[in-house]
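K.L.:
here is my input; please provide its structure:
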Amino acid sequence: MERKWTLAWVMVLLAGCGGDDGSEPNTPGPQGKPPQQGAPPNAVGGFAIDVPELTLEPNEEITPCYVFPLELEGPSRFVAAASLTTTAGLHHGNLTSRPKTGEGVRPCEPGDAGLLGGEAGDVLAGGAVLFGSSTQMVGTEWRRFPDGQAFRVKDGYEIVARMHYLNAGSQPLKIAPKYRWYTIPEADVSQEIAPFIWLIRGFEIPPLSKLTVESECWLPQPMKIVDAMPHMHALGERFHVEYLGGARDGQAFLDKQGFTEASDIYSYDPAVDLSQGNGFRFGCTWKNTFNKTIVEGIGDNEMCMLFGYSYPVTSAYNVVATAETCIPAPSPPPDSL
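P.N.:
Residues are numbered from 1 along each chain as shown. This is a model prediction of the structure:
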């Protein structure tokens, strides 16, 4: 039954939610903080990739996709931090792991470059979200988890880099993003975490108008969120996530106002504990300045998605949602293929 449910979730994604336990509310600020910068002091190895250099002409927008070997150095498979270094032109990049399909660095097969379905499919096949970068990032961006927390990468897996480049300037740009991941000893891992992806689909923003779309997601088991990164495009005015049910019903723990070019990665220590309610409510607000309808996609179009990490690993729920429905599916346990 569990296998059929997961496959059904994938089909919905490619085509287009418990009770209050009476625990005390968390005390930290609801918005999280920027993650720590730099490699963890107890790093013992890791892996890295350099994305092939490309030149973007003015106003050019492309979505290249590459596959890399996951060549791990050191004694551990537990990733506690990662970094991206890039020049202008990287609109967004989603890097995941998946079961190995070949050898060497190579372009993705046709269909692998899908903006959303590919990433979710990789996670549901047992892979990890290795890095999701903020929109239009320039410089170095860090994703580092609270001390003692790390996610696992598996033997026999490879890296898929689905890139989204946009040159909004008047001069050509050369772009070659570099990614680095840092592992810590397994003995130092006090809490294993797992990736999740939430997204809203099926929206249409009428011409010259504002639209808010949100969905209520009821979870079979609670999640504890330690890291989150929202993603919208230039028309985005607000991305919010709040508790659903319980003593904190309606309280936001992430409220991103407006589109900026700064890092959008938020770290939570202690974790956001969704067992204080029944689930979560999330959504996006856009202001359409075009004389045309805006839908999900690239170019002038928009997105509403959240990448993150949580525990326990058996309750890292991925969701695909609309204004009317929210379908959750847990990622496979770390010890399964």
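K.L.:
so where do the strands sit in the stretch 51-200 of the chain?
P.N.:
Using DSSP state E, counting those that start in this stretch, the strands of the stretch 51-200 of the chain run over 54-56, 61-62, 65-69, 78-86, 90-99, 106-107, 129-132, 139-144, 149-152, 157-166, 173-175, 178-184, 191-192, 194-200.
K.L.:
can you redo the ones you listed as CSV with mean pLDDT, distance to E216 and mean neighbour count?
P.N.:
(Each C-beta comes from the backbone N, C-alpha and C, glycine too.) Shown next, in CSV, are these (pLDDT from 0 to 100; distance: least, CB to CB, whole Å; neighbours: other CB atoms under 10 Å):
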stretch, mean pLDDT, distance to E216, mean neighbour count
strand 54-56, 96, 40, 16
strand 61-62, 92, 34, 16
strand 65-69, 96, 33, 19
strand 78-86, 96, 32, 22
strand 90-99, 90, 26, 22
strand 106-107, 96, 40, 12
strand 129-132, 89, 24, 25
strand 139-144, 93, 28, 18
strand 149-152, 96, 27, 23
strand 157-166, 94, 29, 22
strand 173-175, 96, 39, 16
strand 178-184, 98, 35, 22
strand 191-192, 96, 28, 16
strand 194-200, 90, 12, 24
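K.L.:
can I get those in CSV with distance to W286?
P.N.:
Converted to CSV, the strands of the stretch 51-200 of the chain look like this (distance: least, CB to CB, whole Å):
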stretch, distance to W286
strand 54-56, 25
strand 61-62, 19
strand 65-69, 26
strand 78-86, 26
strand 90-99, 17
strand 106-107, 33
strand 129-132, 20
strand 139-144, 24
strand 149-152, 31
strand 157-166, 18
strand 173-175, 27
strand 178-184, 30
strand 191-192, 36
strand 194-200, 11
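K.L.:
the ones you listed: which one's closest to S315?
P.N.:
Closest approach to S315 among the strands of the stretch 51-200 of the chain is made by strand 194-200 (8.6 Å; CB to CB).
K.L.:
pretty sure K33 sits against S267.
P.N.:
Yes. The pair K33 and S267 qualifies as a contact (CB atoms under 8 Å) at a distance of 5.6 Å.
K.L.:
of those two, who's got more company?
P.N.:
Neighbour totals were compared for K33 and S267, and S267 leads with 20 against 12 (other CB atoms under 10 Å).
K.L.:
shaky segments in this structure?
P.N.:
Segments of the chain classed as low confidence (criterion: pLDDT under 70) are 1-31, 111-117, 259-263, 333-337.
K.L.:
please, where are all the helices along it?
P.N.:
2-15, 117-124 (DSSP state H).
K.L.:
still on that earlier bit, of the strands of the stretch 51-200 of the chain, which is nearest V44?
P.N.:
V44 sits nearest to strand 178-184 of all the strands of the stretch 51-200 of the chain, at 5.9 Å, using CB to CB.
K.L.:
pull the CA atoms of that closest one into PDB?
P.N.:
Output in PDB follows, covering the C-alpha atoms of strand 178-184 (Å, rounded to 0.1, in the frame of the first residue of the first chain):
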ATOM      1  CA  LYS A 178      31.100  25.500  -8.000                       C
ATOM      2  CA  TYR A 179      29.600  23.400  -5.200                       C
ATOM      3  CA  ARG A 180      31.300  21.800  -2.200                       C
ATOM      4  CA  TRP A 181      29.900  19.400   0.500                       C
ATOM      5  CA  TYR A 182      31.400  18.700   3.900                       C
ATOM      6  CA  THR A 183      31.000  15.500   5.900                       C
ATOM      7  CA  ILE A 184      31.400  14.900   9.600                       C
END
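K.L.:
adjacent strands (with direction) for it?
P.N.:
According to DSSP bridges, strand 178-184 forms sheet pairs with strand 45-50 (antiparallel), strand 78-86 (antiparallel).
K.L.:
for P195, find the nearest of those.
P.N.:
Nearest of these (CB to CB): strand 78-86, 10.5 Å.
K.L.:
how distant is that closest one from the center of its chain?
P.N.:
Chain-centre distance of strand 78-86: 14 Å, with CA atoms, centre = their mean, to the nearest Å.
K.L.:
ok, and what's touching that strand?
P.N.:
36, 38-40, 43, 46, 93, 128, 130-131, 133, 137-145, 149-153, 175, 177-186, 189, 192 (CB atoms under 8 Å, 6 or more residues apart in numbering).
K.L.:
hmm, try it at 7 Å
P.N.:
39-40, 130-131, 133, 137-138, 140-145, 149-153, 175, 177-184, 186, 189 (CB atoms under 7 Å, 6 or more residues apart in numbering).
K.L.:
hey, C-alpha coordinates of that strand in PDB?
P.N.:
Presented in PDB, the C-alpha positions along strand 78-86 are these (Å, rounded to 0.1, in the frame of the first residue of the first chain):
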ATOM      1  CA  PHE A  78      27.000  12.300   6.600                       C
ATOM      2  CA  VAL A  79      26.800  15.800   5.100                       C
ATOM      3  CA  ALA A  80      26.700  18.700   7.600                       C
ATOM      4  CA  ALA A  81      27.300  21.700   5.300                       C
ATOM      5  CA  ALA A  82      27.600  22.700   1.700                       C
ATOM      6  CA  SER A  83      28.500  25.800  -0.300                       C
ATOM      7  CA  LEU A  84      27.800  27.400  -3.700                       C
ATOM      8  CA  THR A  85      30.100  29.900  -5.300                       C
ATOM      9  CA  THR A  86      28.900  31.700  -8.400                       C
END
